[in-house]
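> I would like to see how this sequence folds:
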Amino acid sequence: MLNLLWMLLCAGLVFLMQAGFMCLESGLTRAKNSINVAVKNFADFGISLALFWTFGYGIMFGISQAGWFGTSDFFFASQAGQASRIAFFIFQAMFCGTATTIISGAVAERLKFSAYIIIAILVSGIIYPLFGHWAWNDAGWLKQLGFVDFAGSSIVHTVGALVSLATLILIGPRQGRFDPSGKVNKIQGANLPFAVLGALLLWVGWLGFNGGSTLELNEQVPGIILNTLLSGVAGMLTSILYSQWRYRRIEVEELINGSLAGLVAITACCNLVATPLAVIVGGTGAIIAQLVSQSLKRWGIDDAVDAVAIHGGAGIWGTLCVALFGQLELIATGLNRITQLGVQLLGITVVCLWAFGFSWLLLKLLNSVFVLRVSLEAEELGLNVAEHQAKTDTYELLQVMDLQAKTHDLSLRVPVESFTENGHIATRYNQMMDALQKNHQQSVESLEELYAVTATVISAVENSKFSPTDFDSFANRSDELGILGRGLQQIVEMIDLQQQELVGVQEKLQISADKQQNLIIEILKGRFANVPQAILDRIQSIDDLDHLNQLLQQAIAITSLDQFSGHSIAIDQQISSQ
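Residues are numbered from 1 along each chain as shown. Below you'll find the predicted structure:
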């Protein structure tokens, strides 16, 4: 009964990994896709469990046909006296769900939900059960050769990673992930604390994942759990050192990924290695994952959560570590270390060809008739809305902002969701818009008044009537418009003063001209008798003092009135030409 309780408890811990993956992947992706990621994690568990019950368990653990697939235990049913067998089914069903849900994070933010459902069916119904039969069924051909993977570094984790890789190659990177030159642009996750919570939940689940793979509560369990924990810690510390060396700071994502890579790597050999070697397995697993992640980026492959590097790279490394570091007497296959390494390499080759090759071929054919990737518009909008019409307060906030940017309608306000972070942002945004709208209204009013000032100035200029009182209604204001009004009043007063001075000068000039005209007429009358009236009128019509001065000189110098008339016409022509 104790062993039964242990199996069921570990099954519950492995099931908790679904929540861990959901938190991790939702936290590492953008908020506009978080609901889509969460729903995929939930849906793939239901699909994988249903298919595993229907025929997956039978294919994997049923009576083997030549070591290739099982032919019994379809539609698994509970029967009296088979409690241990039922517990084993539940435990293995959780493993099937884990292999499937790894894919959701890698392909996040660009894959259609319906396409993901098809992939989940493909993995949990065909790919995982068949490879599981080859490697874990006692009659499976790989197991017969001596292949060992204690808790699923390759059987669970690498299978999920390789299907992810095939899908990623077909659907391509997210918009903006790589620039035209190939430079990687970081896409920041929406909620890193949520991602850290997911990683912690995965750690808890891994205790059941590895510890429960003994299928009983025996003396191996404490050592397995210790090796699991220390390997995860070694991966975390290695990633901390690497991140500090490369980025001069501790990247949250590096810390999470390193710890998970350590856990994945030790999964295949946690019951076979000494504790110091478990530390080495975890630390090197984190390095392998980092190298794989960098290679994928150089090749333009966009894994949203580094699932391929963590579960694929570290999973393959952990499978090799069975032969490299495992104690031969515990491996108990009867093979020497070199031969065991060859068998492990064979198993890795098979899982790569099967999980990657088969899934790539089927998805390539599917993609030719049913496009797996969402449209660019849907990707930009976010899959929460595009795929599920699941709107959030963040989406509504951005929607109003976008509408205001397009319409320039300052009267629009964002709906406020009380007692939330976005609600506080919305409140502050609305307050800012209130102030902006008020300022805009004041600006409009000031502009209208400025138009009135301009009209007053134009009217005064056109009518040559300048009066300081025209600007009294503006000069009494205390703002910038008042300053302008008072300045215009001062200018008008100066213009009035200059006009008065100009009139005085003109009056004086008129008096001088009259005297000059009379002097010329008196000289002509004194020298000549009967001066024609036309000459007198001509002299009186001239106001220009320079002209009159020249005529005065001529009046004194001429000897006949004919000469005066000729000189007068010449002077007029000279002045006209000037």
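
> give the burial count for Gly27, as a bare number.
Per other Cβ atoms under 10 Å, the neighbour tally for Gly27 reads 24. Just so you know, the C-beta spots here come from the backbone N, C-alpha and C atoms, and that holds for glycine as well.

> need the pLDDT of it.
Gly27 carries a pLDDT value of 96.

> and the nearest residue to Gly132 once chain neighbours are set aside, how far is that from Cys10?
Excluding the flanking residues, the one nearest Gly132 by Cβ to Cβ, 6 or more residues apart in numbering is Met60, at 4.3 Å. Distance from Met60 to Cys10, counting by Cβ to Cβ, to the nearest Å: 18 Å.

> gap between the helix or strand harbouring the residue nearest to Gly132 and the chain center?
Using DSSP states H and E, Met60 falls within helix 57-61. Taking Cα atoms, centre = their mean, to the nearest Å, one finds helix 57-61 lying 43 Å from the centre of the chain it belongs to.

> gap between stretch 267-277 and the chain center?
With Cα atoms, centre = their mean as the basis, stretch 267-277 stands 41 Å off its chain's centre.

> quick check: buried residues in it?
For stretch 267-277, a neighbour-count test (16 or more other Cβ atoms under 10 Å) marks Thr267, Ala268, Cys269, Cys270, Asn271, Leu272, Val273, Leu277 as buried.

> ok so Asp73 is a strand residue?
No - counting by DSSP: H, G, I helix; E, B strand; the rest coil, Asp73 is not part of a strand but coil.

> helices along the stretch 351-500 of the chain, start to end?
359-369, 376-381, 383-388, 393-407, 421-463, 472-475, 480-527 (DSSP state H, counting those that start in this stretch).

> that older thread, and the residue nearest to Gly132, how many residues sit next to it?
Neighbours of Met60 (other Cβ under 10 Å): 27.

> and it, how far from Ser72?
Here the criterion is Cβ to Cβ. By it, Met60 lies 11 Å from Ser72.

> how about Arg298?
From Arg298 to Ser72 the distance is 47 Å (Cβ to Cβ).

> who touches the helix holding Met60?
Contacts to helix 57-61, defined as Cβ atoms under 8 Å, 6 or more residues apart in numbering, come from residues 69-76, 89, 92-93, 128-130, 132-133, 136-137.

> Lys186 should be in a helix, yeah?
No - read with three-state DSSP, Lys186 is coil and lies in no helix.

> give me the phi and psi angles of it.
Dihedral angles of Lys186 (phi, psi; degrees, to the nearest 10) stand at phi -70, psi 130.

> again with Glu417
Main-chain torsions, Glu417, degrees, to the nearest 10: phi -100, psi 110.

> can you count the residues close to it?
The tally of other residues near Glu417 (other Cβ under 10 Å) stands at 18.

> and Ile169, what is it in contact with?
Ile301, Trp360.

> host element of it?
Secondary structure (DSSP H and E) places Ile169 in helix 159-171.

> which non-adjacent residue is nearest Leu16?
That would be Gly205: by Cβ to Cβ, 6+ apart, it lies 4.5 Å from Leu16.

> close enough to count as contact, the one you found and Val14?
Yes - counting by Cβ atoms under 8 Å, Val14 is a contact partner of Gly205 at 5.6 Å.

> out of these two, which sits in the busier spot?
The neighbour comparison of Gly205 against Val14 (other Cβ under 10 Å) goes to Val14, with 27 against 24.

> per-residue confidence at the residue nearest to Gly132?
With respect to pLDDT, Met60 scores 98.

> how near is it to Phe74?
In this view, Met60 and Phe74 are 11 Å apart by Cβ to Cβ.

> now Gln82: how far from Cys352?
36 Å.

> check contacts around Arg373.
Counting by Cβ under 8 Å, 6+ apart, Arg373 makes contact with Arg110, Leu111, Lys112, Ala115, Ile171, Gly172.

> swap the cut-off to 7 Å and go again
Residues near Arg373 by Cβ atoms under 7 Å, 6 or more residues apart in numbering: Arg110, Leu111, Lys112, Ile171, Gly172.
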